[in-house]
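# how would this look folded up:
(one chain, ligands or ions: 3)
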Amino acid sequence: SKSYNITLLPGDGIGPEVISVAKNALQLVASIEGFEVAFEEMPMGGAALDAIGVPLPAETLNSAKKSDATLLGAIGGYKWDKNEKHLKPETGLLQLREGLQVFANLRPATVLPQLVDASTLKKEVAEGVDLMVVRELTGGIYFGKPRGFSTNENGQEIGFNTEVYAAYEIDRIARIAFETARKRRGKLCSVDKANVLEASMLWRKIVTALASEYPDVELSHMYVDNAAMQLVRNPKQHMMTQSSMELILETIIMQFDTIVTNNIFGDILSDEASMITGSIGMLPSASLGAAGPGLFEPIHGSAPDIAGQDKANPLATMLSAAMLLKYGLGEEKAAQRIEAAVLDTLNRGFRTGDIHSAGHKLVGCKEMGEEVLKSIDSKTPAA
Ligand code: NAD
Ligand code: IPM
Ligand code: MN
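Ligands and ions are numbered 1, 2, ... in the order given. Okay, the predicted model is just below:
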């Protein structure tokens, strides 16, 4: 039977807690769908710094490169925060993304009906929101040169970074975004700061030039400050219309469907979008390149404030495992099994602290994971 190699990078903080739960889910759906998964667990981030002295050991990158897909928990923590740049856990994560050339980071934010009351936004605002942030992941200010520390003419210390995008980098992420929008509701909003930044001016020019190749996609542009505001003001729009039979019909028009943006704006806007859905503990991501294996990770970090307490929400990582099955391995049915099981578990009332509300069963990370496994066992999603 088919067999896949999956690199697991538990990392730091809540990373190992959420990865152990997602690993069990991958194993179970594989056995149901009749394929094999072989896991290789490798050190990454602070864990790798402690064990080996670097945040991304060569063996870890090699494992990720030769496997069929990589699932990462999270990296980082207080212990390494004051490390020099090249010895930070976060630097290892950037090296991993660059090493795998995964320039396209898909971050879906969907408000599940089960979690509408977990959102900090009013029900009318949050309900039905379903958007996809396409974040450029291997360029921009995260990687731009020159960068560093220096001293200015007054003897003041300075730190500096460069926001830089080459035309090909914008072109390839924009194409992914247009294609993503085409498969969704056909609306693409490109978010930039073209009123101020040259890199954004080029971004807008190149995205605009591509629009004629995607006549079925409605393209709009928005400045990032306004986008941040619109996301919480009105991620969707209600329109009341009156039918001929004097019935009031409510049409929901999504202000946002697919958003494409640069590395740093995508980082910030996706955390913001996560809160519409109720919790950052719910949002998965897929990082894909032109060829080669993908990297799959929840959008949240190592959550040092709750690490080691069995409080983490493992569903973002479960859903990242589902994205791994779908985008990384092409095992769509196995992916659907995990997604269906997550919904079923929420329907059965289980909630971790971050998404808990009155009338639900408060559980920890492990128990949530076990309940999802039970749902996988008992549910056969429609073909
Ligand atoms: P964070 O995402 O780790 O945590 C922000 C808040 O959200 C915290 O209150 C945390 O408890 C909560 N939270 C996050 N994930 C949760 C989950 N699954 N369930 C319940 N609550 C959850 O962001 P931060 O505190 O800014 O960063 C902490 C560390 O993580 C830093 O070292 C940072 O660099 C790193 N980080 C790593 C990644 C990654 O590995 N991809 C992403 C973001 C931040
Ligand atoms: C994320 C994180 C990372 C990023 C950090 C930890 C380097 O915030 O994955 O969203 O900024 O990309
Ligand atoms: Mn982030």
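# which strand is the longest one in the protein?
As assigned by DSSP state E, the longest strand anywhere in the chain is strand 3-11.
# buried residues in that one?
For strand 3-11, the neighbour count (16 or more other CB atoms under 10 Å) marks Tyr4, Asn5, Ile6, Thr7, Leu8, Leu9, Pro10, Gly11 as buried. Where you see a C-beta, it was placed from the backbone N, CA and C, and this is true even at glycine.
# Need the max-distance pair from those.
By the measure CB to CB, Tyr4 and Gly11 form the most distant pair in the buried residues of strand 3-11, at 21.1 Å.
# Which strand or helix spans the closest residue to ligand 2 within the stretch 51-200 of the chain?
When distances are taken as CB to the nearest ligand atom, the stretch 51-200 of the chain reaches nearest to ligand 2 at Glu90, 4.0 Å away. Using DSSP states H and E, Glu90 maps to helix 89-100.
# Then Cys189?
strand 187-192.
# Which other helices and strands does the very next helix or strand once past that strand contact?
As assigned by DSSP H and E, the chain's next helix or strand after strand 187-192 is helix 198-210. When contacts are defined as 3 or more CB pairs under 8 Å, 6 or more residues apart in numbering; DSSP states H and E, helix 198-210 packs onto helix 167-183, strand 187-192, strand 218-223.
# residue closest to the middle of this protein?
By CA atoms, centre = their mean, the chain has its centre lying nearest to Ser285, at 2.8 Å.
# What distance do you get for that residue to Ala335?
Distance, Ser285 to Ala335, using CB to CB, to the nearest Å: 14 Å.
# Could you check how many residues crowd around Phe178?
Residues near Phe178, counting by other CB atoms under 10 Å, number 23.
# Just the pLDDT at it, thanks.
Looking at Phe178, its pLDDT reads 98.
# Next: Met239.
For Met239, the model assigns a pLDDT of 50.
# same check, this time on Ala74
pLDDT at Ala74 comes out at 98.
# Please list all residues in contact with Met222.
Neighbouring residues of Met222 by CB atoms under 8 Å, 6 or more residues apart in numbering: Cys189, Ser190, Val191, Asp192, Gln230.
# what does Leu346 give?
Per CB under 8 Å, 6+ apart, neighbours of Leu346: Leu112, Gln114, Leu115.
# Number of residues surrounding the last one?
Spelled out, it's Leu115. By the measure other CB under 10 Å, the count of residues near Leu115 is 19.
# And the closest residue in space to it that isn't next to it in sequence, how far from ligand 1?
Distances taken as CB to CB, 6 or more residues apart in numbering put Gly278 closest to Leu115, at 4.2 Å, once the chain neighbours are dropped. Distance of Gly278 to ligand 1, computed by CB to the nearest ligand atom, to the nearest Å: 11 Å.
# quick one: Gly278 is in a strand?
No. Using DSSP: H, G, I helix; E, B strand; the rest coil, the assignment for Gly278 is coil, not a strand.
# Assess the claim that it and Val111 are in contact.
Yes. Between Gly278 and Val111 there is a contact under CB atoms under 8 Å: 7.3 Å.
# Next, show the common contact partners of the two.
By CB under 8 Å, 6+ apart, Gly278 and Val111 have these common neighbours: Ser119, Ala126.
# Leu106 contacts Ala286, doesn't it?
Yes. Here Leu106 reaches Ala286: they are 4.7 Å apart, a contact under CB under 8 Å.
# so what sits against both of the two?
Taking CB under 8 Å, 6+ apart as the contact rule, the neighbours common to Leu106 and Ala286 are Met323, Tyr327.
# Contacts for the longest strand of the chain, please.
15-16, 19-20, 23, 26, 30, 35-47, 60, 63-64, 66-76, 89, 96, 302, 324, 329.
# Name the SS class of Ala321, please.
When classified by three-state DSSP, Ala321 comes out as helix.
# which secondary structure elements does the helix or strand where Thr70 lies contact?
Secondary structure from DSSP H and E places Thr70 in strand 69-74. When contacts are defined as 3+ CB pairs under 8 Å, 6+ apart, strand 69-74 sits against strand 3-11, helix 15-33, helix 89-100, strand 294-296, helix 315-323.
# Taking their axis directions, it and helix 89-100 sit at what angle?
170 degrees (axes from the mean of the first three to the mean of the last three CA atoms, to 10 degrees).
# Quick one: neighbours of Leu295, just the number.
With other CB under 10 Å as criterion, Leu295 counts 27.
# so it sits right up against Leu96, yeah?
Yes. Contact status for Leu295 versus Leu96: in contact at 6.7 Å, counting by CB under 8 Å.
# how about low-confidence regions in the stretch 151-300 of the chain?
Across the stretch 151-300 of the chain, the ranges flagged by pLDDT under 70 are 237-254.
# Any residues of it in contact with ligand 1? List them.
Ile280, Gly281, Glu297, His300 (CB under 6 Å from any ligand atom).
# Gln27 versus the closest residue to Glu331 other than its chain neighbours, what's the distance?
Nearest residue to Glu331 in three dimensions, chain neighbours excluded: Leu325, at 4.4 Å (CB to CB, 6+ apart). For Leu325, the distance to Gln27 equals 12 Å [CB to CB].
# Looking at these two, which is more packed in?
Comparing Leu325 with Gln27 by neighbour count (other CB under 10 Å), the higher total belongs to Leu325, at 30 against 15.
# coming back round to it: deepest in the core, which of the helices and strands packed on strand 69-74 is it.
Across the helices and strands packed on strand 69-74, averaging neighbours per residue (mean count of other CB atoms under 10 Å) puts helix 315-323 on top, at a mean of 28.
# ok now that helix, how far from the chain's centre?
10 Å (CA atoms, centre = their mean, to the nearest Å).
# Then stretch 160-180?
Relative to its parent chain, stretch 160-180 has a centroid offset of 17 Å by CA atoms, centre = their mean.
# Renumber starting at 2 from here on
In the new numbering, first residue 2, that becomes stretch 161-181.
# May I have it as PDB, with CA atoms only?
Extracted in PDB, the C-alpha atoms of stretch 161-181 (Å, rounded to 0.1, in the frame of the first residue of the first chain):
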ATOM      1  CA  PHE A 161      17.500  48.500  10.300                       C
ATOM      2  CA  ASN A 162      15.600  46.200   7.900                       C
ATOM      3  CA  THR A 163      14.700  46.400   4.300                       C
ATOM      4  CA  GLU A 164      11.300  45.700   2.700                       C
ATOM      5  CA  VAL A 165      12.200  44.300  -0.700                       C
ATOM      6  CA  TYR A 166      10.300  42.400  -3.300                       C
ATOM      7  CA  ALA A 167      11.500  41.300  -6.700                       C
ATOM      8  CA  ALA A 168       8.900  41.200  -9.500                       C
ATOM      9  CA  TYR A 169       9.100  37.400  -9.800                       C
ATOM     10  CA  GLU A 170       8.300  37.000  -6.100                       C
ATOM     11  CA  ILE A 171       5.200  39.100  -6.400                       C
ATOM     12  CA  ASP A 172       4.100  37.400  -9.600                       C
ATOM     13  CA  ARG A 173       4.300  33.900  -8.200                       C
ATOM     14  CA  ILE A 174       2.400  34.600  -5.000                       C
ATOM     15  CA  ALA A 175      -0.200  36.700  -6.900                       C
ATOM     16  CA  ARG A 176      -0.800  33.700  -9.300                       C
ATOM     17  CA  ILE A 177      -1.400  31.400  -6.300                       C
ATOM     18  CA  ALA A 178      -3.800  34.000  -4.900                       C
ATOM     19  CA  PHE A 179      -5.800  34.400  -8.100                       C
ATOM     20  CA  GLU A 180      -6.100  30.600  -8.500                       C
ATOM     21  CA  THR A 181      -7.100  30.300  -4.800                       C
END
